[in-house]
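>>> The following block contains a protein sequence and its predicted model.
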Number of protein chains: 2
Amino acid sequence: MSEDTESQVSEEPREDEDDAYALNPKAVAAILYAVDISDRDQLVELMEPLHAADIADLLEQINAFDRMRLIKLYGQEFDGEILTELDESIREEVINLLNPEVLADAVRELDSDDVVDLLEDLEEDRQTAILEVLEDSDRVAVQQSLTYPEYSAGRLMQREVVMAPEHWNVGEAIDYLRNTEDLPEQFYHIVLVDPRLRPVGNVPLGTLMSSRREVMLKSIVSDTFHVIPVTRYEGEVAYAFNQYHLISAPVVDENERLVGVITIDDAMAVLDEEHEEDILRLAGVGEESSLSDSVLETTKQRFPWLAVNLVTAVLASLVIAQFEEAIATVVALAVLMPIVASMGGNAGTQSLTVAVRALATKDLTGSNVWRVIRREVMVGLINGLAFAVVMGLVGLVWFGSPALGYVIAAAMVINLVIAGLAGTVIPVLLEKVGVDPALASGAFVTTVTDVVGFFAFLGLAVLVLL
Amino acid sequence: MSEDTESQVSEEPREDEDDAYALNPKAVAAILYAVDISDRDQLVELMEPLHAADIADLLEQINAFDRMRLIKLYGQEFDGEILTELDESIREEVINLLNPEVLADAVRELDSDDVVDLLEDLEEDRQTAILEVLEDSDRVAVQQSLTYPEYSAGRLMQREVVMAPEHWNVGEAIDYLRNTEDLPEQFYHIVLVDPRLRPVGNVPLGTLMSSRREVMLKSIVSDTFHVIPVTRYEGEVAYAFNQYHLISAPVVDENERLVGVITIDDAMAVLDEEHEEDILRLAGVGEESSLSDSVLETTKQRFPWLAVNLVTAVLASLVIAQFEEAIATVVALAVLMPIVASMGGNAGTQSLTVAVRALATKDLTGSNVWRVIRREVMVGLINGLAFAVVMGLVGLVWFGSPALGYVIAAAMVINLVIAGLAGTVIPVLLEKVGVDPALASGAFVTTVTDVVGFFAFLGLAVLVLL
């Protein structure tokens, strides 16, 4: 068995070689050529095999001028689903390009939850215009959803639910399903409800199909059943789906009455967005950023974090300034000091990333926070000692001064220990006071490791060398 | 409508307030108390309401000693599902703690894909021991799956597939389902196959239920149908599910014959792991890291990246060493130089994070790479000019030297432009040569911004000030 495993290492599929799903650059070039020569038939033929999600990606990747020409030429072929797949950053631009009738057709094709997703980021007059083209029943459903808070389960759910009274048996449920005209396009469970419309269980369609007619629905409900309050934050909803392997979950109002259902595909999209936001926040990039943003938008998103970094960098410089005399006397200090700060910054980033992730996945809690802090400090100590030896030798060999070697070694240990401590404590405290640790930890931790790094190294140098 | 939106901002659910799904620290304390006093009944009663995923989280959060005592006390209540939910880092430890009969019972409860997931990380003798307790048919299925490469669709798929010939109608399919004894626990589609067992479409169960008996299955297949080769990398599979909103997808061998099916819940778990890996790689943390890793394991995971960082830091110091004379003459240079390097490092990290994400989501392609590079350089230029003004003034006010102000301003612009360029070009090139850009970009980009930052600032200082 272990030999098998060995030999498979070379066969292991590679992420980068397997570009099965990327848009083919040749296809993109052909499409843009069709736009260039205004050949509508050619364009429609080239776009036909593409999924709406891929068309949306294509529109995001080309420039604004090509986008405009493509949409004008594509005309009434434009599908509502493309709109829901489009990144918010260019969705409004595309909507403004669509001819009102094409837009109306596109919107009427969509499910109510997709219309809500489309509307929530638009200007008021655009919202009104789109609401007007909807059928009355759809409009009411959409308006109702918009009364729930943004990023809540209420905005995410479908309002069309297939439900059955808890006292029904399999036969009654099957007959009901087979005689109902307007079932939702996709559903995987029947929600059992009590007489007050409170959900009490989920019957998977597969189980329903394979059970005898006289079996009570109550006896074949799914093991995993979670009810979601309509105001719950969508990130928590995605967490529950992932943690408990839910496929669909009923959504209830404040009276615990069934008002909708969330399915795993929507939860997966939210999970994806949440991760994306965390990665971008950790790097100090505006979480709403997108590749199709303009230079100006991007500059504005990046500026605040760089400004925060400038403040922390100036703080560190103020520390250095206290030691101008020492640096003028031993210039080697200026050469070596960035190493201590840089190592501390990197070790701190390692610790804080682990802590931020563990907080997000609820793996870091009151039960283990002290053990994790102790671990990070110990890791800082051991790695600090290892790099202290290396840098002590570098200091000795490079500048021929054992004392300088001791100083940089000691500063390295101090800064890596502090990095482990700050990298864990700061995100935990930020979470406690209600600040997103992904967003703010980086600036605080780097300030600590810069200031401590420069102060420990230069301070020890003054004590030992001068 | 816009007023409505305004008033909802305050109601917006907060991530940090909504800890609906975290393990309750009081419950954890009560469980550990039951373990302390060896009260088995109490322990079983407290664990009973917990989902297997939550029990796994609990086991990960407590220390190794408590874990051992809890598992011994919990005894035969231990459920196979807990094993599949456990983090790989402690799974083997837990398996070793289980009494062989409990382990055998636990494993026999599991689906074949879960057994595969369990086995693939175990030592050979453990694997053999577990394979022996399985029923013959299950053992063959598991061994077959293990012949597919690690991280491939073949390892991820369930082997139990509900299929129907493409020429059947709805009535035939329903009768077949209702007369089949051993349908899988969870299935949502029937896969239509041609006479050579090649999948040709997916019929959603909901659509099947609501169609008349004489309707051909072929005419009610789902719009979204994707066939996945058995060797495809699991990350690509997760991408396809997320991009095309798949719920389940048939898996085929090299002859395009149906061999299994992947469902969205497994794809969601993979998506979650892939993101986790990307975040940890970007921060230079071993991707296999887990909160329950020991100090020594953690130290080993963190060491390599810190070692790489030490090399880049020493490279930067070598640049500084070229300017020792200048620094000895104008000590202000030592005070200000880390600011230029630090701003470059941060701007570079912003650009590289956006590029790495866009590569992972296939949003950055040959079609738009030049436009993105141009944008990042322009953003670097504008932000560089803004911070040049600020730092020029700081230099002037702090040190009373207009020349020093010009120098730091110019170095800032140069370094932020280079940061935008390196932050985009480096990940793109790494991806091209088959190196994971999430893993390696950081070291390269920081080296560039450190070296360029120190060289530009100190070099200009020598030209202008001395």
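Looks like it arrived, so ask away. Numbering: from 1, shown residues only, chains lettered A, B, ... in the order given.
>>> Grab the nearest non-local neighbour of residue A:290.
Nearest residue to residue A:290 in three dimensions, chain neighbours excluded: residue A:89, at 4.2 Å (CB to CB, 6 or more residues apart in numbering or on different chains). Using the backbone N, CA and C atoms, a C-beta is placed for each residue, glycine as well.
>>> Can you name the residues that contact that neighbour?
Under the criterion of CB atoms under 8 Å, 6 or more residues apart in numbering or on different chains, the neighbours of residue A:89 are A:288, A:290, A:292-293, A:297.
>>> Narrow the residues you listed to those in helices?
Secondary structure assignment (DSSP state H) places residue A:297 from the contacts of residue A:89 within helices.
>>> Highest neighbour count among the contacts of residue A:89?
For the contacts of residue A:89, neighbours were counted by other CB atoms under 10 Å in any protein chain shown; the highest total belongs to residue A:292, with 23 neighbours.
>>> For that one, grab phi and psi.
Main-chain dihedrals, residue A:292, degrees, to the nearest 10: phi -90, psi 0.
>>> quick one: it and residue A:64, what's the gap?
Noted for residue A:292: a distance of 8 Å to residue A:64, by CB to CB, to the nearest Å.
>>> one step back: I'd like the contacts of residue A:89 as TSV, with pLDDT appended.
As requested, those are exported to TSV (pLDDT from 0 to 100):
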residue	pLDDT
A:288	72
A:290	81
A:292	80
A:293	84
A:297	89
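>>> Spatially, which two of the contacts of residue A:89 are the most separated?
Farthest pair in those (CB to CB) is A:288 and A:292. Separation: 11.8 Å.
>>> Just confirm the residue nearest to residue A:290 is within a helix.
Yes. According to DSSP: H, G, I helix; E, B strand; the rest coil, residue A:89 belongs to a helix.
>>> Check it and give its pLDDT.
Among the per-residue scores, residue A:89 shows a pLDDT of 81.
>>> same deal with residue A:257?
Here, the pLDDT recorded for residue A:257 equals 96.
>>> isn't it right next to residue A:191, touching?
No. Residue A:257 sits out of contact with residue A:191 when judged by CB atoms under 8 Å, with a separation of 11.6 Å.
>>> So which of the two has more stuff around it?
Here residue A:257 and residue A:191 are compared on neighbour count by other CB under 10 Å; more neighbours surround residue A:191, at 25 against 15.
>>> neighbours around the residue lying closest to the more buried one once chain neighbours are set aside, how many?
Once its chain neighbours are removed from consideration, residue A:191 has its nearest residue in residue A:163; the separation is 4.5 Å (CB to CB, 6+ apart). Other residues near residue A:163 come to 16 when the count uses other CB under 10 Å.
>>> Can you give me the pLDDT of residue A:163?
At residue A:163, pLDDT is 94.
>>> which SSE is the nearest residue to residue A:206 once chain neighbours are set aside in?
Counting by CB to CB, 6+ apart, residue B:187 is the residue found nearest to residue A:206 once chain neighbours are left out, at 4.6 Å. Counting by DSSP states H and E, no helix or strand carries residue B:187.
>>> Got phi/psi on residue B:187?
phi -150, psi 150.
>>> how many other residues sit next to it?
Using other CB under 10 Å, residue B:187 has 24 other residues around it.
>>> which residues sit in contact with it?
Shown in contact with residue B:187 (CB under 8 Å, 6+ apart): A:206, B:160, B:162, B:205, B:248, B:261, B:263.
>>> Give me the subset of those residues lying in helices.
Among these, the members falling in helices are A:206, B:205 (criterion: DSSP H).
>>> Format the contacts of residue B:187 as TSV; extra columns: distance to residue A:103.
As requested, those are exported to TSV (distance: CB to CB, whole Å):
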residue	distance to residue A:103
A:206	39
B:160	45
B:162	40
B:205	34
B:248	33
B:261	38
B:263	35
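>>> Point out the least confident member of the contacts of residue B:187, please.
Among the contacts of residue B:187, residue B:160 carries the lowest pLDDT, at 85.
>>> correct me, but it touches residue B:184?
Yes. Counting by CB under 8 Å, residue B:160 does reach residue B:184; the two are 4.2 Å apart.
>>> buried set for stretch A:206-214?
Residues of stretch A:206-214 classed as buried by neighbour count (16 or more other CB atoms under 10 Å in any protein chain shown): A:206-211.
>>> Same check on stretch A:141-158?
Along stretch A:141-158, the positions that meet the burial threshold by neighbour count (16+ other CB under 10 Å) are A:141-143, A:145-146, A:148-158.
>>> Farthest-apart pair in these, please.
Between any two of the buried residues of stretch A:141-158 (CB to CB), the greatest distance is 19.0 Å, for A:141 and A:151.
>>> Make sure residue A:49 is indeed in a helix.
No. Residue A:49 is assigned coil when assessed by three-state DSSP, not a helix.
>>> ok, it - how many residues close by?
Counted with other CB under 10 Å, the neighbours of residue A:49 add up to 8.
>>> Now it. Its backbone dihedrals?
For residue A:49, the backbone dihedrals are phi -70, psi -10 (criterion: degrees, to the nearest 10).
>>> contacting residues around it?
Contacts here follow CB under 8 Å, 6+ apart; on that basis residue A:49 touches nothing.
>>> what residues go with each domain of chain A?
Domain segmentation of chain A under automatic domain parsing yields A:20-147, A:163-282, A:295-465.
>>> Need the per-residue pLDDT for residue A:440.
Looking at residue A:440, its pLDDT reads 85.
>>> So which residues on the stretch 351-466 of chain A come close to chain B?
For the stretch 351-466 of chain A, the residues in contact with chain B (CB under 8 Å from any CB of the partner chain) are A:352-354, A:357-358, A:361-368, A:371-372, A:375-376, A:378-379, A:382-383, A:386-387, A:390-391, A:394, A:431, A:434, A:436, A:450, A:454.
>>> Buried only: go through those for me.
Among those, those classed as buried by neighbour count (16+ other CB under 10 Å) are A:352-354, A:357-358, A:361-365, A:367-368, A:372, A:375-376, A:378-379, A:382-383, A:386-387, A:391, A:394, A:431, A:436, A:450, A:454.
>>> Remind me which helix or strand residue A:202 belongs to.
In the assignment (DSSP H and E), residue A:202 maps to strand A:199-204.
>>> Note down every partner strand of that strand and its orientation.
Strand A:199-204 has its sheet partners listed here by DSSP bridges as strand A:189-193 (antiparallel).
>>> What residues sit buried inside the partner strand?
Using 16+ other CB under 10 Å, the residues of strand A:189-193 that count as buried are A:189-193.
>>> any idea of the mean pLDDT for it?
Average pLDDT, strand A:189-193: 95.
>>> circling back to that earlier point, show the buried residues in the contacts of residue B:187.
A:206, B:160, B:162, B:205, B:248, B:261, B:263.
>>> Tell me the one of those nearest residue A:71?
residue B:248 (33.4 Å).
>>> Is there a neighbour count for the nearest residue to residue A:114 once chain neighbours are set aside? I'd like the number.
In this structure, residue A:114 finds its nearest non-sequential neighbour in residue A:84, 4.5 Å apart by CB to CB, 6+ apart. Residue neighbour count, defined by other CB under 10 Å, stands at 21 for residue A:84.
>>> Then the one 10 residues further on?
Using other CB under 10 Å, residue A:94 is surrounded by 20 other residues.
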